[in-house]
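> Below: sequence and its predicted model.
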Amino acid sequence: MAEMWISMGPQHPMTHGLWTLKIKVDGETVVDTVPDLGYIHRGVEKICETRDFTQITTYCDRLCYASANTWSHSYIYAAEDLLGVEVPERAEYIRLIAVELQRIASHLMWMGAYGPDTGNLSVMVWCLREREMMMDLLQELGGSRMHYNFPRIGGVKRDLPHGFVQRARSKLHLFLQRIQEYEALFDESTVFLVRTQGVGYAKPEEMINHGVSGPNLRAGGVNYDVRWAHPYSVYSELDWEPPVERSSIKGADCYDRYRVRVEEMRVSALLVLQAMEKLPGGSDTYHEPGDPKLLAKAPSRAPEGTSGYHHFEDSRGESMFYIAGGGEGRGKNPYRVSIRSPMFITIPYASKCMIGYKVADIPAIMGSFDPCIGETDR
Amino acid sequence: MGRVVPTSTQKASAEKLCKAISKMKGVEADTIERTSGTSPRWTVSVVCEAENWRKLAESLNNTHSVDYCSMITGIHWPEGPEEKKWEVIYHFLRTGVKNPPSVDGVLQPIVTDPNGVKGKDVPLEIEVSIRLPDTRTPSVASVQDIWVGADWNEKETWDLVGIDFDGHVGMRRVLQPHETPTGYHPLQRHHNLRYHGFEEMYDDAQGFGRKPDDIGKVK
């Protein structure tokens, strides 16, 4: 049969955001793919050059609406590296709680979107219900529901509110029970299994060479995680292990990528519970915003010739910021901010994974990599 | 407790790598202690001459198992020193990830113990900076064939900063529209963030007065 090119997009069934996937098909089989990005490029890197270090945090929140906290923390760590700030321990624990809660919320958003992609509509409503609990907790910390603007250079905006720990504990215990319901919903659905098992194989070494990391990599049977490989925050103080999937010999398929995210939510929930137990100064004390136990003093200018960067485990893989100091206003602004988005690198790889499968497999494969176009296009 | 790679292991490994690549021609390497929240971390920082870059890249990948290209950053320094008008900065990670083995057709996941990593499996952060003198066509050698992860990073760097990569196959605009004028790279310093004055914005906020690019062309 003659081969032909089809343009899928820019409105996609499986992603939040706009992008086009050009596919070359031979009948129903995908022969070649070319992803086309940039539909929502906002020029965040250029905008950051004219903002001071505190103002940039809000832009980083808006890189990915499903995972705002991980992105602003990723920036904050790079900025602290640039400005040479040491963070109080209590603030680090609170940051860890915020980031891991966000990771759960992000994975729930993914699961809620992946269900309908693979013919399982009721999952969406269930996942958004639980995501609501996480959003409520994050709202208590940051004050808003999506873009929290929570971390500060040198600490956090404010302490855990009164009763936060009790509420978080009960919600997380409830959540841990409800994960089992999702698993039952997915694993007992024949439609889901048929659509995800045996499609979109990806092998670990190949993924690493292509720059794919995070849950997508761990689905392939290796436990590489930036949180232990390039330790930051207080992960060294807690007892945890990144989840690893036993994939097939051909590599990780869509089902493995779903499994690893479910396990990651469990690990994140346990990390939050542990961090609340171990919180330095106790969880009943409350410090006013700006207290030295929450916020260390940080310089507001970075001289020319300095630079800072930090590798961070985002919900979708390794995110990273590189900041060069010495911009406008004698170093008040950064000279250059460069953002590594995990999905910008993963989408080309995921597109290659589709080659050889049917057109109907594309949503299942693409969705399983958890694409987020907001961070991809920046 | 403490299931993370110890700082001492990382420091020793960084120093070892640093020593090995310093011997190469045109390469200066140094270990740098960086802060990350409450704990320090050790990274390798390399300054490489443009003509030796390809050799260094091959050595990093083949000899030192640097297997992951994280990010490529291009910087335009129009007011910088003579030898540094453009800069390309590569960030690499050494992950030590291998394909898991299989026994009787069943895959055996590799669970690395962070406290026990040694040799070339110790995770490392490597930063390579390449400086270019004043030129209208800045370019460095492409490493797209060594790390496929560098492919789209190189595309992006050319698209936004205008630094070209010799030997890169399939260079094209990735974040900006395809019809962006040739030679327009917004992260070069002579482009301002805002071209419109405020009055102009209020006069025609929706941009109805603008004409499409392809006006008068046969479609």
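Alright, I've got the coordinates.
> Can you name the residue of chain B nearest chain A?
B:G149 (2.4 Å; C-beta to the nearest C-beta). The way it works is simple: take the backbone N, C-alpha and C, and place the C-beta from them, glycine included.
> where in chain A is pLDDT low?
Scanning chain A for pLDDT under 70 picks out A:1, A:13-15.
> what are the ranges of the strands in chain A?
Ranges of strands within chain A are A:3-8, A:20-26, A:29-36, A:151-152, A:155-156, A:307-314, A:317-324, A:336-340, based on DSSP state E.
> which SS class is the spatially most central residue of chain B?
In chain B, the residue lying closest to the centroid (C-alpha atoms, centre = their mean) is B:I72, at 1.6 Å. Secondary structure, DSSP: H, G, I helix; E, B strand; the rest coil: B:I72 is strand.
> Ramachandran angles for the residue nearest to it when sequence neighbours are not counted?
In this structure, B:I72 finds its nearest non-sequential neighbour in B:N153, 3.9 Å apart by C-beta to C-beta, 6 or more residues apart in numbering or on different chains. As for B:N153, its main-chain torsions (degrees, to the nearest 10) stand at phi -60, psi -40.
> Let me know the pLDDT of B:N153.
At B:N153, the model reports a pLDDT of 92.
> Same question for B:E200.
51.
> hmm, back to that, check the gap between the residue of chain B closest to chain A and A:L160 for me.
38 Å (C-beta to C-beta, to the nearest Å).
> between these two, which one's more packed in?
B:G149 (28 against 25; other C-beta atoms under 10 Å in any protein chain shown).
> doesn't B:D67 make contact with the more buried one?
No: using C-beta atoms under 8 Å as the test, B:G149 is too far from B:D67 to be in contact (9.3 Å).
> Now do the shared contacts for those two.
A:N209 (C-beta atoms under 8 Å, 6 or more residues apart in numbering or on different chains).
> Now for residue 190, how many residues are close by?
In the absence of a named chain, this looks at chain A. Quick note: A:T190 (other C-beta under 10 Å) scores 8 neighbours.
> You answered for a different chain; I wanted chain B.
A total of 6 residues lie near B:H190 under the criterion other C-beta under 10 Å.
> what's the spacing between the closest residue to chain B within chain A and A:A350?
Using C-beta to the nearest C-beta, A:G211 is the residue of chain A that sits closest to chain B, at 2.4 Å. In this view, A:G211 and A:A350 are 12 Å apart by C-beta to C-beta.
> hang on, the earlier thing: adding mean neighbour count, write the strands of chain A out as a markdown table.
A markdown table is the format used below for the strands of chain A (neighbours: other C-beta atoms under 10 Å in any protein chain shown):
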| stretch | mean neighbour count |
| --- | --- |
| strand A:3-8 | 13 |
| strand A:20-26 | 17 |
| strand A:29-36 | 18 |
| strand A:151-152 | 26 |
| strand A:155-156 | 26 |
| strand A:307-314 | 26 |
| strand A:317-324 | 26 |
| strand A:336-340 | 26 |
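> can you list those strands in JSON lines and add distance to B:V111?
Output for those, formatted as JSON lines (distance: least, C-beta to C-beta, whole Å):
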{"stretch": "strand A:3-8", "distance to B:V111": "38"}
{"stretch": "strand A:20-26", "distance to B:V111": "35"}
{"stretch": "strand A:29-36", "distance to B:V111": "33"}
{"stretch": "strand A:151-152", "distance to B:V111": "31"}
{"stretch": "strand A:155-156", "distance to B:V111": "33"}
{"stretch": "strand A:307-314", "distance to B:V111": "17"}
{"stretch": "strand A:317-324", "distance to B:V111": "19"}
{"stretch": "strand A:336-340", "distance to B:V111": "27"}
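> Distance to chain B for the ones you listed - can I get that in TSV?
Output for those, formatted as TSV (distance: least, C-beta to the nearest C-beta, whole Å):
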stretch	distance to chain B
strand A:3-8	13
strand A:20-26	11
strand A:29-36	8
strand A:151-152	10
strand A:155-156	10
strand A:307-314	6
strand A:317-324	5
strand A:336-340	4
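> count of residues packed around residue 103?
Answering for chain A, as no chain was given. For A:R103, the count of nearby residues is 27 (other C-beta under 10 Å).
> wait, I meant chain B there
With other C-beta under 10 Å as criterion, B:V103 counts 7.
> what bridges to it?
In this entry, B:V103 is beta-bridged to B:V106, by DSSP bridges.
> now do A:K22
A:S7, A:V34.
> I figured it was touching A:I6, is that so?
Yes: contact status for A:K22 versus A:I6: in contact at 7.3 Å, counting by C-beta under 8 Å.
> what's the closest non-adjacent residue to residue 151?
This is for chain A. Nearest one to A:P151, counting by C-beta to C-beta, 6+ apart, is A:I76 at 4.3 Å.
> actually it's chain B I care about, not the one you picked
B:D151 sits nearest to B:Q144 (C-beta to C-beta, 6+ apart), 4.8 Å away.
> Would you enumerate the residues in contact with that neighbour?
B:Q144 makes contact with B:150-151, B:154, B:165, B:167-169, according to C-beta under 8 Å, 6+ apart.
> and what of A:G374?
A:16-17, A:40, A:62-65.
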